[in-house]
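Visitor: Here is the input, now give the coordinates:
(one chain, ligands or ions: 2)
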Amino acid sequence: MTDQTVEKAFAQAQAHFAATGVDVEAALARLDQVAVSLHCWQGDDVRGFENPEAALTGGIQVSGNYIGRARTPDELRADLDLAMSLIPGRLRLNLHAIYLDTDEKVRRDEIQPKHFQSWVDWASRKDIGLDFNPSCFSHPLSADNLTLSHPDPGIRRFWIDHCKASRRVSEHFGRSLGSPSVMNIWVPDGTKDYPADRFGPRARLRDALDEVLAEPISRAFHKDAVEGKLFGIGAEAFTVGSNEFYLAYAVKRGTLLCLDAGHFHPTEVISDKLSAVLSLVDEVLLHVSRPMRWDSDHVVLLDDETQAIANELVRGDVLHRVAIGLDFFDASINRIAAWVIGTRNMKKALLKAMLEPRAALLEAEAHGDGTRRMALFEEHRSSPWGAVWDYFCLTRGAPVGLRWLDRVKAHERDVLVHR
Ligand code: RNT
Ligand code: ZN
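Guide: Numbering: from 1, shown residues only. Ligands and ions are numbered 1, 2, ... in the order given. Below you'll find the predicted structure:
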């Protein structure tokens, strides 16, 4: 497809959408404002650089052994540079604490901003924001699959101190880059079989979190989020930080609530939860992901639920109250392609939502005209939004159509096979 063909198709699409009452240029300007935070851990199967040989624990799992996993911070940044160059519009990077870049052996409860300075410098050169996460897994002191709720006060102390140290790193990101870092606390705490006491662990988790959050940090630099979950591998019977726990916690303590698309019962969807939660919680963090059987972390597709999430963000005009992060890990395909596919899909979904004939839909609904509403929804599915997407890619310096795959394959041949 030549640039001219893209522009011609765009002009036709623009006329199509204008006839449905939609201003395409306004939609593109709106899309330009939305940053999606890429998760660093797709690049190396959640290993990090603290001890890449350590087993991944915490009830999460990565399957596959595709060539080319990033083994150093420089390799990971090179892969991210490529992935980011293939995605149009604003991006951020979401780091885990185990991705520190230093030759020192650093205990997790002693991490400092300086251990992440190379990431800050890189992000500053790219003019992107950073987000952060304490890493409460893949560590000898998380071997019981209990961290902030551990009955042993010494172990609990270690993880509290790790989370406190993480907040200082996160604040440094926000101060250095001029955009608040969202720090998400997820702990794997849970048990394989039925516990005799569910109250004790939850009270300990609540109190530990309160201690972690005790030090006030300006929201201009750092925001706290908490992420609930239904179950994990080895934590099938009981998850301490369940969804109700964290929803209540976020409401009461004023943190962000993180909704991970893979953390609910099979027919439950987070698209419906956005309007519910945002009625009473100021801000939400999303982990856009795709549940599949037991796995909560398949690559994001442009499927109905991804679209439904985007629709809610756009229809509710809540994009300024929702941080969009991704959370999937697939080692069975090219890892850079996984980032590109998942992130482009999230942005495609947002664009398609922005091109919806909103006024006509609301009018049909106001008149109780379900027939027209359904007809409008279904026509929009096959509207020429793809031509607008191609134009967005072209004008924002990202490859149009499948051209991005040639670049990923070339990098695989030239770089990944030699790792
Ligand atoms: C695990 C949570 C969590 C992790 C990352 C690595 O179920 O979704 O967000 O995937 O922090
Ligand atoms: Zn998650």
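Visitor: How about the contacts made by residue 390?
Guide: Contacts for residue 390 (CB atoms under 8 Å, 6 or more residues apart in numbering) come out as 1, 6, 9-10, 400-401. In short, each C-beta sits where N, CA and C put it, glycine included.
Visitor: Pick out the most distant pair among these.
Guide: Farthest-apart pair in those is 10 and 401; separation 13.4 Å (CB to CB).
Visitor: Dump the contacts of residue 390 into JSON lines; add secondary structure as well.
Guide: Below are these laid out as JSON lines (DSSP: H, G, I helix; E, B strand; the rest coil):
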{"residue": "1", "secondary structure": "coil"}
{"residue": "6", "secondary structure": "helix"}
{"residue": "9", "secondary structure": "helix"}
{"residue": "10", "secondary structure": "helix"}
{"residue": "400", "secondary structure": "coil"}
{"residue": "401", "secondary structure": "coil"}
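Visitor: and the residues you listed, which are buried?
Guide: Among those, those buried by neighbour count (16 or more other CB atoms under 10 Å) are 6, 9-10, 400.
Visitor: nearest to ligand 2, of those?
Guide: residue 400 (31.2 Å; CB to the ion).
Visitor: dump the residue contacts of that closest one.
Guide: 1, 6, 390, 393-394.
Visitor: can you check residue 104 too?
Guide: By CB under 8 Å, 6+ apart, the residues touching residue 104 are residue 115.
Visitor: ok, back up a step: of the buried ones among the contacts of residue 390, just say which sits nearest to residue 31.
Guide: residue 10 (14.0 Å).
Visitor: quick one, what contacts the closest one?
Guide: 387-388, 390-391 are the contacts of residue 10 under CB under 8 Å, 6+ apart.
Visitor: again, 7 Å this time
Guide: When contacts are counted by CB atoms under 7 Å, 6 or more residues apart in numbering, residue 10 touches 387-388, 391.
Visitor: go on, residue 312?
Guide: So residue 312 contacts 271, 274-275 (CB under 7 Å, 6+ apart).
Visitor: Narrow the residues you listed to just the buried residues.
Guide: Listed as buried from the contacts of residue 312 are 271, 274; burial here means 16+ other CB under 10 Å.
Visitor: want to throw the contacts of residue 312 into CSV with distance to ligand 1, secondary structure and pLDDT?
Guide: As requested, the contacts of residue 312 are arranged in CSV below (distance: CB to the nearest ligand atom, whole Å; DSSP: H, G, I helix; E, B strand; the rest coil; pLDDT from 0 to 100):
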residue, distance to ligand 1, secondary structure, pLDDT
271, 17, helix, 98
274, 17, helix, 98
275, 22, helix, 98
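Visitor: can you list the residues of the stretch 201-350 of the chain near ligand 2?
Guide: Within the stretch 201-350 of the chain, the positions near ligand 2 by CB under 5 Å from the ion are 260, 287, 327.
Visitor: check those against ligand 1, which are close?
Guide: 260, 287, 327 (CB under 6 Å from any ligand atom).
Visitor: Columns pLDDT and neighbour count on top of those residues, output as CSV?
Guide: Formatted as CSV, these follow (pLDDT from 0 to 100; neighbours: other CB atoms under 10 Å):
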residue, pLDDT, neighbour count
260, 98, 24
287, 98, 25
327, 98, 28
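Visitor: Would you format these as TSV with secondary structure included?
Guide: Output for those, formatted as TSV (three-state DSSP):
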residue	secondary structure
260	strand
287	strand
327	coil
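Visitor: Of those, just say which sits nearest to residue 174.
Guide: Nearest member of those to residue 174, counting by CB to CB, is residue 287, at 19.8 Å.
Visitor: Contact residues of the stretch 1-150 of the chain facing ligand 1?
Guide: Counting by CB under 6 Å from any ligand atom, the stretch 1-150 of the chain sits next to ligand 1 at 41, 46, 60, 133.
Visitor: which residues pair with the last one across the strands?
Guide: With DSSP bridges applied, residue 133 shows beta-bridge pairing to residue 96.
Visitor: Contact partners for it?
Guide: For residue 133, the contact set (CB under 7 Å, 6+ apart) comprises 96-97, 183-184, 186.
Visitor: Most neighbours out of these, which is it?
Guide: residue 183 (30 neighbours; other CB atoms under 10 Å).
Visitor: could you say which helix or strand contains that one?
Guide: strand 181-185 (DSSP states H and E).
Visitor: Give me the distance from the helix or strand just after that strand to the chain's centre.
Guide: Downstream of strand 181-185, the first helix or strand assigned by DSSP H and E is strand 190-191. Remark: strand 190-191 is offset 24 Å from the chain centroid, using CA atoms, centre = their mean, to the nearest Å.
Visitor: can you give me the strands for the stretch 201-350 of the chain?
Guide: 222-227, 238-239, 256-260, 284-288, 290-292, 295-298, 322-326 (DSSP state E, counting those that start in this stretch).
Visitor: mind giving me a markdown table with the contacts of residue 400 and columns for pLDDT?
Guide: As requested, those are exported to a markdown table (pLDDT from 0 to 100):
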| residue | pLDDT |
| --- | --- |
| 1 | 82 |
| 6 | 98 |
| 390 | 98 |
| 393 | 98 |
| 394 | 98 |
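Visitor: what would those residues look like in CSV with distance to ligand 2?
Guide: Output for the contacts of residue 400, formatted as CSV (distance: CB to the ion, whole Å):
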residue, distance to ligand 2
1, 36
6, 35
390, 31
393, 28
394, 33
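Visitor: Go through those residues and name the one nearest ligand 1.
Guide: residue 393 (28.4 Å; CB to the nearest ligand atom).
Visitor: Fine by me, thanks again.
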